[in-house]
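[1] Need a 3D model of the sequence below.
(chains A and B)
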Amino acid sequence: GQQLNQSPQSMFIQEGEDVSMNCTSSSIFNTWLWYKQEPGEGPVLLIALYKAGELTSNGRLTAQFGITRKDSFLNISASIPSDVGIYFCAVSYGNKLVFGAGTILRVKS
Amino acid sequence: DGGITQSPKYLFRKEGQNVTLSCEQNLNHDAMYWYRQDPGQGLRLIYYSQIVNDFQKGDIAEGYSVSREKKESFPLTVTSAQKNPTAFYLCASSQTNYEQYFGPGTRLTVT
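    Numbering: from 1, shown residues only, chains lettered A, B, ... in the order given. The predicted structure is shown next:
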């Protein structure tokens, strides 16, 4: 099946630092999504990207749809303690979504 | 409030018993999905349904069954044939093939 490679696997950063994570694939996809999951809860959609090269912001979050359509990046500026969680990328594949394994973010206050 | 509800939040069963997890949505979405999440892993698709009275197997359907008799409801049964049923189960719905919205999840423990 289709596979997405997310990196880094985990991050432990200082409050106030900027965060960058990415997701790559060997195949081309036309829709990239970023979700955040807090412990014991369901994932929440953060940003959806539909156009190659698109850069979209949602508050302190910024995501980009790579120009090759094989990757996407998520940046979080000035991290705060409530940013902790697992961040998943996902791509649309037919009638389904395929998810990456996630990046675990921990923030030291 | 529009949203997706899953109940119960925690469920405990003895090995060999079937158990049904509830998922209801009032978003008027056509499509609904069931995922399984194991510790430290991503989401794996169990079953999905694009319309009422129709559903398709996902990547890990063995040992599970579903029904879609109503647009709002998509219950998942974990049967005794599922070899490792202990996991966190997530239900989602979507009006497009892209943006899926998730419920709060049910944590199933089978001993």
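
[2] isn't A:I13 right next to A:V19, touching?
    Yes: using C-beta atoms under 8 Å, A:I13 is in contact with A:V19, at 6.1 Å. To be clear about C-beta, it is placed using only N, CA and C from the backbone, and glycine gets the same treatment.

[3] Residue of chain A closest to chain B, please.
    A:G42 (3.4 Å; C-beta to the nearest C-beta).

[4] List the contacts of that residue.
    Shown in contact with A:G42 (C-beta atoms under 8 Å, 6 or more residues apart in numbering or on different chains): B:I4, B:Q6, B:L90, B:A92, B:F102, B:G103, B:P104, B:G105.

[5] Pull out the buried members of the residues you listed.
    For the contacts of A:G42, a burial check counting by 16 or more other C-beta atoms under 10 Å in any protein chain shown picks out B:I4, B:Q6, B:L90, B:A92, B:F102, B:G103, B:G105.

[6] Any idea what the first one is bridged to?
    Read it as B:I4. B:Q25 (DSSP bridges).

[7] Relative to A:E15, how far out is it?
    Separation of B:I4 from A:E15 (C-beta to C-beta, to the nearest Å) stands at 32 Å.

[8] In chain B, where is pLDDT below threshold?
    B:1-2 (pLDDT under 70).

[9] residues from it in reach of chain A?
    Neighbours of chain A within chain B, by C-beta under 8 Å from any C-beta of the partner chain: B:4, B:6, B:31, B:33, B:41-43, B:45, B:48, B:50, B:56, B:58-59, B:90, B:92, B:97-105, B:107.

[10] Nearest to chain A within chain B, name that residue for me.
    For chain B, C-beta to the nearest C-beta, closest residue to chain A: B:F102, 3.4 Å.

[11] Contacts only, for that residue.
    Contacts of B:F102 (C-beta under 8 Å, 6+ apart): A:Y35, A:G42, A:P43, A:V44, B:I4, B:L90, B:C91, B:A92.

[12] Wait, a helix at B:F88?
    No: in this structure, B:F88 is strand, not part of a helix, as judged by DSSP: H, G, I helix; E, B strand; the rest coil.

[13] Give me the neighbour count for B:Q17.
    When neighbours are defined as other C-beta atoms under 10 Å in any protein chain shown, B:Q17 has 11 of them.

[14] Please work out which residues outside the one helix or strand A:K36 maps to touch it.
    If you go by DSSP states H and E, A:K36 is part of strand A:32-37. For strand A:32-37, contacts defined as C-beta under 8 Å, 6+ apart pick out A:23, A:43-49, A:61, A:63, A:65, A:72, A:74, A:85-92, A:97, A:99, A:102, B:98-99, B:102.

[15] No further questions, thank you.
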